[in-house]
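A.B. asks: Test case, fold it:
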Amino acid sequence: MQAYGERTPIREQPPAASLARWVECAWFLDSAAAVAGHRVPPDGCLDIVYDRANGLRAIGTMTREQYFHFPRGAHLAGIRFRPGMSGPFLGISPAELTDASTPLDDLWPRRASGLRRQLEDVKSIGDAMHILLGNLPVPNAALNPTQRAIEWMARANGNADLDRAARQANLSARQFRRRCLEESGLTPKRLCRVLRFRHACQIALELERGATGGPNWSAIALEAEYFDQSHLIRDFQMFTGQSPMAVFSNTSAGRSR
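C.D. replies: Residues are numbered from 1 along each chain as shown. From the prediction side, this is the model:
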């Protein structure tokens, strides 16, 4: 799960090169203090999460911002899949998990119990993160045409011609809409909006770290290739219910999910 800022003590690690096309990162949270209202915006990704209190679960792609609350002494570890790339690992269509979570036992009835036993024996939650990453099999098959088109859309930060994406997948626009939903949990149009919104948030964080006057939203809208600042504000309202100015005046830093 990827949040807005840096206060939540999240640590990330890139995957091995053999998994880098499917997995964005592994991460863990080890918090001595309680964390209330940790805000996670939609990012197009799906996560597998291990929580010592609640076990293993898969958290699907989000269409709106969600809030998470962690008690004092929370220990979580996770794997964040790139948009459209989790299906080969989960064994089901990510569309079944959009805006939802499910116990990993339901998806991996044989593997999950053994994995859980390994995780329960670790000395640190950082070790749990490494176990999660080490237990991901490298897919035997290459990306399918729809996944390659989604990968291209993600590299373009959502600023992609959807007709061209459909042609890359050798599908009609209607067929591509269905296949993109199956692979990513979002339609192509919604996925592009999420990816562009995510890019705008990343730009804002970078500017916020280096400036004293706060983000320049007109400049961010231009860099993220929105039509104008009003267009950017509409996406923030859709995904968070707030303006970008309100969101970033209340950010509690951290990258998580």
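A.B. asks: Show me what the longest helix belonging to the chain is packed up against.
C.D. replies: In the chain, ranked by residue count with DSSP state H as the criterion, the top helix is helix 188-210. Counting contacts by 3 or more Cβ pairs under 8 Å, 6 or more residues apart in numbering; DSSP states H and E, helix 188-210 packs against helix 145-155, helix 162-168, helix 173-184, helix 217-223, helix 229-240, helix 244-249. Quick note: C-beta positions are derived from backbone N, CA and C, even for glycine.
A.B. asks: Look at Ile79 and tell me its secondary structure.
C.D. replies: strand (DSSP: H, G, I helix; E, B strand; the rest coil).
A.B. asks: quick revisit: could you save the helices and strands packed on helix 188-210 as JSON lines and add columns showing distance to Arg21?
C.D. replies: Formatted as JSON lines, the helices and strands packed on helix 188-210 follow (distance: least, Cβ to Cβ, whole Å):
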{"stretch": "helix 145-155", "distance to Arg21": "7"}
{"stretch": "helix 162-168", "distance to Arg21": "16"}
{"stretch": "helix 173-184", "distance to Arg21": "14"}
{"stretch": "helix 217-223", "distance to Arg21": "26"}
{"stretch": "helix 229-240", "distance to Arg21": "26"}
{"stretch": "helix 244-249", "distance to Arg21": "31"}
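A.B. asks: weakest of these by average pLDDT?
C.D. replies: Here the lowest mean pLDDT among the helices and strands packed on helix 188-210 goes to helix 244-249, at a mean of 89.
A.B. asks: Identify the residues contacting it?
C.D. replies: Helix 244-249 has contacts (Cβ atoms under 8 Å, 6 or more residues apart in numbering) with 4, 39, 200, 204, 208, 214-215, 217, 220, 232-233, 236, 240.
A.B. asks: so how far is the first residue of stretch 148-163 from its last?
C.D. replies: 14 Å (Cα to Cα, to the nearest Å).
A.B. asks: Check which residues of it are buried.
C.D. replies: Within stretch 148-163, the residues scored as buried using 16 or more other Cβ atoms under 10 Å are Arg148, Ala149, Ile150, Glu151, Met153, Ala154, Ala156, Asn157, Gly158, Ala160, Leu162.
A.B. asks: between those residues, which is nearest Thr61?
C.D. replies: Comparing the buried residues of stretch 148-163 against Thr61 with Cβ to Cβ places Ile150 closest, at 11.6 Å.
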